[in-house]
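> pasted the sequence and its predicted model underneath.
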Amino acid sequence: MELVVFVLAAAMILVGAIGVIVRSNPVHAALSLILTLFGVAVMFVAQNAHFLAAVQVIVYAGAIVVLFLFVIMLLGVDRSEDLSSEPFKVQRPLAAIVGLGVIGLVVAAVVSSRDAISVRGTGLNVADTLGDGDTNIKQLARSVFGDYVVAFEVTSVLLVVAVVGTVLLTRRVKGSGKDT
Amino acid sequence: MTSLIGLDPIAIGDLIWAPLLIILLKVLVIFALGLVVTMFMVWFERKAIAGMGNRIGPNKAGPWGLLQTLADGIKLFFKEDLLPDRADRFVFKLAPYLAFVPAFLVWSVIPLGGDFSNGKDGLVEWFGHSTRVQLADPPVGILLFMALSSVAVYGIMLAGWSSGSKYPLLGSVRASAQMVSYEAALGLSIATVLLLAGTLSTSGIVGNQGGFTDWHVVSTGIVPFIIFMLAATAEMNRPPFDLVEAEQELVGGFNTEYSSIRFGLFFLAEFMNTVTMSGIIVTLFFGGPQGLFDIPIIPGAIEGTLWFIAKVLVFLYVYVWMRATLPRFRYDQLMDLGWKVLIPASLGWFMLLAVLRLGRDEGWNRPLVGVISGAVIAGCAGLMSVAVRTSRAKREREGVMF
């Protein structure tokens, strides 16, 4: 059962991820991204992390990609791009090298830690250690608002700074003729 | 596997024939019920609005025009299905389903009945198996509703974009901005309920609302309910927040280019959303199937359903009433209400309830805590209004029109 869910979700994730790169129309690429995000949400559910799955859909699919699409529609860049022209020549070989490097690193990490994974056997049995869904959420809340509260608050400050900075940068004062 | 289906005891253990059949039956009943209820909702809305406008309304098809929606549906099926030349074919065909399916799925987490009186947990016995009168009771229940409502944005947004025409695009840009803005207020007002209920599962939320004073509309103070009601109306794009399909400005809004049954799906989704949103409001704030008093003779489980239907009907009427009486918001008024009133108000109220709760747990002096936090919130509200006023004055000085 778990294998079937995994295969289906993995297929969703991969098809979506490839679609994001291959599709020449930005809106189609964003839709492919949603497919990937849903695949990840399914993976979370299969791992008993219901809360993360719900948050994944609400935040990523429900807010962030909506904003992507919003910007795409508002700027009117929703036409197909010509993928053959390349303004920045080095970028594709460079991307290929970096991509291969990342794949190599991940494979190396998995291979070198294979013994550790097999020692643990079935992995962390989340359902047993955490009980029902509610305690799962409580546990998450404890670590976010308890153990890691400083990191959490600093991250939120960072986000606020980013928002304020963006507003300041995009604000135009009429009459002065240039951005302030 | 059990966790995928949720806390419903019927789904725990081996899925042998009887439980499986009961679950299938529930799916079928809820699907059919959803369609029939939506059909009558359309009729009810047209009839009630006609009454308020001093007209007769549908009166030809069936008794009191009850079958009008059915007739309209059959007509829509046989109309020509147009596909605009400049449309993005795949997305254009996908969008109606993205609107329709989430509207339907919300049904699955609403407790439609069951005996919650005197602290019972709402389980009923069907054919020797105890189960809930709701399709699924996942541990993240109410978050599923949030997730589905955020997916529903795509239906409207992509419908407008893929039509390849100007007015639908304007409608869909409005829709995405509006729905994302109001989702924040919606979520924050749900958070106050969750603070009291201490659980995300919808049956748990209902179980927490034993008597009238425990109904969340009373125990959270009435503010989160008002915020939720407003935000939900905006989320569904119903009047007075229906800028998405403002007929006078955008022809028909996001669904201008749709015809035939694809338009029918949008139409159905909109009305089904009204019904399910009323159900969610009743579940969150009005105790769902919990009754005010015990109806004699009728057994507990059916009584719950009766109470639920009665409460939902009240909200359906309120929505129709709002549509018939309130003029549409202007776009900047809509955004001002969402960002400058509803979100700060819901945040402030959430903090207030959290402090009161903490004070109760820690044994602080209750009146003192109330007074101090009230003063802090009043101070923040004052600062907020000063900030809004200053920035508006500044904009006007710079010559911006709104």
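Thanks, I have the structure now.
> is the helix or strand hosting residue B:226 anywhere near chain A?
Assigned by DSSP states H and E, residue B:226 belongs to helix B:223-235. No - Helix B:223-235 lies out of reach of chain A by CB under 8 Å from any CB of the partner chain, never closer than 11.5 Å. To be clear about C-beta, it is placed using only N, CA and C from the backbone, and glycine gets the same treatment.
> tell me which other helices or strands that helix touches.
Applying 3 or more CB pairs under 8 Å, 6 or more residues apart in numbering or on different chains; DSSP states H and E, one finds that helix B:223-235 contacts helix B:166-197, helix B:216-219, helix B:260-285, helix B:343-362.
> report pLDDT for the spatially most central residue of chain B.
By CA atoms, centre = their mean, chain B has its centre lying nearest to residue B:277, at 2.5 Å. With respect to pLDDT, residue B:277 has a value of 90.
> distance of it relative to residue B:228?
The gap separating residue B:277 from residue B:228 is 10 Å, by CB to CB, to the nearest Å.
> any chance you could map the strands in the stretch 51-200 of chain B?
B:123-126, B:129-132 (DSSP state E, counting those that start in this stretch).
> and those strands, which one is worst for confidence?
Looking at the strands of the stretch 51-200 of chain B, the bottom one is strand B:123-126 with a mean of 69.
> picking up where we left off before, nearest to chain A, of the helices and strands packed on helix B:223-235?
Closest approach to chain A among the helices and strands packed on helix B:223-235 (CB to the nearest CB): helix B:166-197, 4.8 Å.
> indicate whether that closest one makes contact with chain A.
Yes - Helix B:166-197 reaches chain A (CB under 8 Å from any CB) through B:169, B:172-173, B:176-177, B:179-180, B:183, B:187.
> redo these as CSV? Include neighbour count and pLDDT.
Putting the residues of helix B:166-197 next to chain A into CSV (neighbours: other CB atoms under 10 Å in any protein chain shown; pLDDT from 0 to 100) gives the following:
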residue, neighbour count, pLDDT
B:169, 22, 83
B:172, 30, 83
B:173, 19, 82
B:176, 25, 80
B:177, 21, 82
B:179, 27, 83
B:180, 20, 81
B:183, 22, 86
B:187, 20, 88
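> low-confidence stretches in the stretch 1-150 of chain B?
Regions of the stretch 1-150 of chain B meeting the criterion pLDDT under 70 cover residues B:1-16, B:117-122, B:125-129.
> re the thing from before, got the helices and strands packed on helix B:223-235 as a markdown table, with distance to residue B:23 columns?
Formatted as a markdown table, the helices and strands packed on helix B:223-235 follow (distance: least, CB to CB, whole Å):
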| stretch | distance to residue B:23 |
| --- | --- |
| helix B:166-197 | 26 |
| helix B:216-219 | 29 |
| helix B:260-285 | 20 |
| helix B:343-362 | 37 |
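> pick out the shakiest of the ones you listed, pLDDT-wise.
Between those, the one with the least mean pLDDT is helix B:216-219; it has a mean of 82.
> export that one as PDB, just CAs?
Output of helix B:216-219 as PDB, limited to C-alpha atoms (Å, rounded to 0.1, in the frame of the first residue of the first chain):
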ATOM      1  CA  HIS B 216     -17.900  29.100  20.000                       C
ATOM      2  CA  VAL B 217     -19.900  32.100  18.800                       C
ATOM      3  CA  VAL B 218     -20.400  32.900  22.500                       C
ATOM      4  CA  SER B 219     -17.200  31.600  24.100                       C
END
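> domain-wise, how is the chain divided?
Let's take chain A. Here the domain assignment for chain A is A:1-80, A:89-132, based on automatic domain parsing.
> right idea, wrong chain: chain B
Following the assignment in automatic domain parsing, chain B carries domains at B:78-329, B:344-402.
> of all the ones you listed, which lies closest to residue B:18?
Residue B:18 lies closest, by CB to CB, to one member of those: domain B:78-329, at 6.2 Å.
> and that closest one, how far from the chain's centre?
2 Å (CA atoms, centre = their mean, to the nearest Å).
> now swap in stretch A:103-110 and tell me
20 Å.
> where does chain A dip in pLDDT?
A:77-84, A:86, A:116-135, A:172-180.
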